[in-house]
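**Q** would you be able to build a 3D model of this:
(one chain, ligands or ions: 1)
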Amino acid sequence: MTAPDDLDEIITAYLGREGPLLPLLHAVQARFGCITPESQIRIAAALNLSQAEVYGVVSFYHDFMETKDSRPAIALCRAEACQARGVEAVAAAALAACADRVRLETVYCLGLCSVGPAARVGDTLYARLDAVNIRNLVSTL
Ligand code: FES
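**A** Predicted coordinates for the structure are as follows:
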């Protein structure tokens, strides 16, 4: 018998809860920075789900990654209101400023439509972005 590791502890913490898959996956993603195929197999077995069900959830949501990417991420809203407020110019400025140092992700609406373009870094929201302040934001990461 192998000693329990962090993954076993996380799985155990969510067993018996109603609808455990999503919160468990969020906990694994937060702890390890990714949800590897091996982890998915163990999660599926523990929750009595098929591997396809777990993989389907992991691959559907952009918050989950199968391999670790430790670069800081900027989640830039590219939905309609932010499109109308010039997010594509902000995205181009961000890409030019960050090269490969920062991961630029696309999300669809952060609830800041009237003050877009908007972005999220971790739990912090940014509004009224333009080419200048997105470059400043990238330089702080
Ligand atoms: S459309 Fe960008 S925050 Fe809502």
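**Q** which residues sit in contact with residue 107?
**A** Neighbouring residues of residue 107 by C-beta atoms under 8 Å, 6 or more residues apart in numbering: 62, 75-79, 120. For glycine as for every other residue, the C-beta is placed from the backbone atoms N, C-alpha and C.
**Q** one more: residue 130?
**A** Neighbour list for residue 130: 86, 89-90, 93, 117 [criterion: C-beta under 8 Å, 6+ apart].
**Q** adding neighbour count and pLDDT, write those residues out as JSON lines.
**A** What follows is these, written out as JSON lines (neighbours: other C-beta atoms under 10 Å; pLDDT from 0 to 100):
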{"residue": "86", "neighbour count": "14", "pLDDT": "95"}
{"residue": "89", "neighbour count": "14", "pLDDT": "95"}
{"residue": "90", "neighbour count": "26", "pLDDT": "95"}
{"residue": "93", "neighbour count": "18", "pLDDT": "92"}
{"residue": "117", "neighbour count": "29", "pLDDT": "97"}
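**Q** between those residues, which sits nearest residue 47?
**A** Nearest to residue 47 among the contacts of residue 130: residue 117, at 38.5 Å, using C-beta to C-beta.
**Q** count of residues packed around residue 122?
**A** Neighbour count for residue 122, taken as other C-beta atoms under 10 Å: 10.
**Q** for it, give its distance to residue 75.
**A** Applying C-beta to C-beta, to the nearest Å, the value for residue 122 to residue 75 is 9 Å.
**Q** what do you get for residue 50?
**A** 30 Å.
**Q** between these two, which one's more packed in?
**A** Each of residue 50 and residue 75 has its neighbours counted (other C-beta under 10 Å); residue 75 has more, 20 against 11.
**Q** ok, the residue positioned nearest the centre of the chain - contacts?
**A** In the chain, the residue lying closest to the centroid (C-alpha atoms, centre = their mean) is residue 63, at 2.7 Å. Each residue near residue 63 by C-beta under 8 Å, 6+ apart is listed here: 26, 29.
**Q** same question, residue 126
**A** By C-beta under 8 Å, 6+ apart, the residues touching residue 126 are 118-120, 133, 137.
**Q** mind redoing it with 10 Å?
**A** Neighbour list for residue 126: 74-77, 110, 112, 115, 117-120, 133-134, 137 [criterion: C-beta atoms under 10 Å, 6 or more residues apart in numbering].
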